[in-house]
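A.B. asks: no sequence on this one, just coordinates:
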């Protein structure tokens, strides 16, 4: 779909150029070059059609194929207990946690983070929530192997929640208390089952995957994942028991992925890409520093500016400056 949108944008752009002064700078020039301009425009249109057809085919070929079909994965509805009933001690804790979430909304920074964590469709924005914890921004261009791993893994495990949600049809907190949501998801979520939390299943799954790629950053990654899941309580989308169950569900899905040879192969590619992007595979043993007084220098020992981007040595530590 993204490829097709790009092709449509290209089509529009080229047509705009064709209608611009580049092709019609003056009436005299148009009359003099009528035949050549006509031939040029025909060639441009042929090129447009070719590009559009090629990109459409590419979009179809690039359709995401999950590592497992849904019926090959563990069935959460057979594994997980039913959500707490409204007269249970567990639900009393859900209500306490709902009140906690409402209190968290008084913190502008925390509620802003919870609203950002509500993103579902734009995966670039979704993965951006782990940029600081992971140490890299995950994009199709910057980290294609990691991106492919994450996208395919989510395509595999995301659907695991649907059957259980549809079966229990648990009422969401904002519905039960007739409350508004700071993330403004009411129309989208109303009537959809609350148990388990799809965002939390995905968020904890992302954390598990990133920690497998970069185990040395596991503390930061899981801390971010924990807060991400709790954001669903803060905005009133889910009960705490929904979130807790989803962390377990994500772990079940993550374990299932380990049995796929395709997943393991792609994980190794992602791990290698991470090492390359963070300078862990440069093989640097020692360099002669040309400017010892410099605080920042390149891997070859030459002086670098504060604005230098890429892998550098700063304060005797190898870092990546974006």
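C.D. replies: Received, thanks. Being a predicted model, the structure only gives us computed values, none of them experimental.

A.B. asks: could you point out which element follows the strand or helix carrying residue 206?
C.D. replies: Using DSSP states H and E, residue 206 maps to helix 198-213. Going down the chain from helix 198-213, the next helix or strand is helix 218-234, by DSSP H and E.

A.B. asks: tell me which stretches of this structure form strands.
C.D. replies: 296-297, 310-314, 317-321 (DSSP state E).

A.B. asks: contact partners for residue 217?
C.D. replies: By Cβ atoms under 8 Å, 6 or more residues apart in numbering, the residues touching residue 217 are 133, 134, 135, 210, 211. Quick note: C-beta positions are derived from backbone N, CA and C, even for glycine.

A.B. asks: out of the strands of the chain, flag the one nearest residue 245.
C.D. replies: In terms of Cβ to Cβ, the element of the strands of the chain nearest to residue 245 is strand 317-321, at 36.7 Å.

A.B. asks: average pLDDT across that closest one?
C.D. replies: Regarding strand 317-321, the rounded mean pLDDT is 71.

A.B. asks: mind listing the strands it pairs with, and their directions?
C.D. replies: Paired strands of strand 317-321, with direction, are strand 310-314 (antiparallel) (DSSP bridges).

A.B. asks: packing partners for the helix holding residue 206?
C.D. replies: Packing partners of helix 198-213 (3 or more Cβ pairs under 8 Å, 6 or more residues apart in numbering; DSSP states H and E): helix 123-128, helix 131-134, helix 144-157, helix 218-234, helix 240-257, helix 261-277.

A.B. asks: quick one: buried residues of the last one?
C.D. replies: Neighbour counts over helix 261-277 (16 or more other Cβ atoms under 10 Å) mark 263, 266, 267, 270, 271, 273, 274, 277 as buried.

A.B. asks: do you know how far the last one is from residue 146?
C.D. replies: Distance of residue 277 to residue 146, computed by Cβ to Cβ, to the nearest Å: 8 Å.

A.B. asks: swap in the second one?
C.D. replies: Residue 266 sits at a distance of 9 Å from residue 146 (criterion: Cβ to Cβ).

A.B. asks: repeat for the first one
C.D. replies: To residue 146, residue 263 is 13 Å away according to Cβ to Cβ.

A.B. asks: same question for the fourth one.
C.D. replies: Distance, residue 270 to residue 146, using Cβ to Cβ: 5 Å.

A.B. asks: ok, for residue 279, nearest residue in space, not its chain neighbours?
C.D. replies: Spatially, and ignoring its direct neighbours in sequence, residue 279 is nearest to residue 311 (3.8 Å; Cβ to Cβ, 6 or more residues apart in numbering).

A.B. asks: surely the one you found touches residue 276?
C.D. replies: No. Look at residue 311 against residue 276 with Cβ atoms under 8 Å: they stay out of range, at 9.3 Å.

A.B. asks: what's the neighbour count on residue 241?
C.D. replies: Residue 241: 23 surrounding residues under other Cβ atoms under 10 Å.

A.B. asks: ok, it - contacts?
C.D. replies: Counting by Cβ under 8 Å, 6+ apart, residue 241 makes contact with 83, 84, 90, 91, 93, 94, 195.

A.B. asks: and residue 264, by the same measure?
C.D. replies: Per Cβ under 8 Å, 6+ apart, neighbours of residue 264: residue 258.

A.B. asks: mind redoing it with 10 Å?
C.D. replies: 67, 257, 258 (Cβ atoms under 10 Å, 6 or more residues apart in numbering).

A.B. asks: any idea which of these has the most stuff around it?
C.D. replies: Result: residue 257 is most packed of these (other Cβ under 10 Å), 25 neighbours.

A.B. asks: relative to residue 72, how far out is that residue?
C.D. replies: 11 Å.

A.B. asks: sweet, I'm off.
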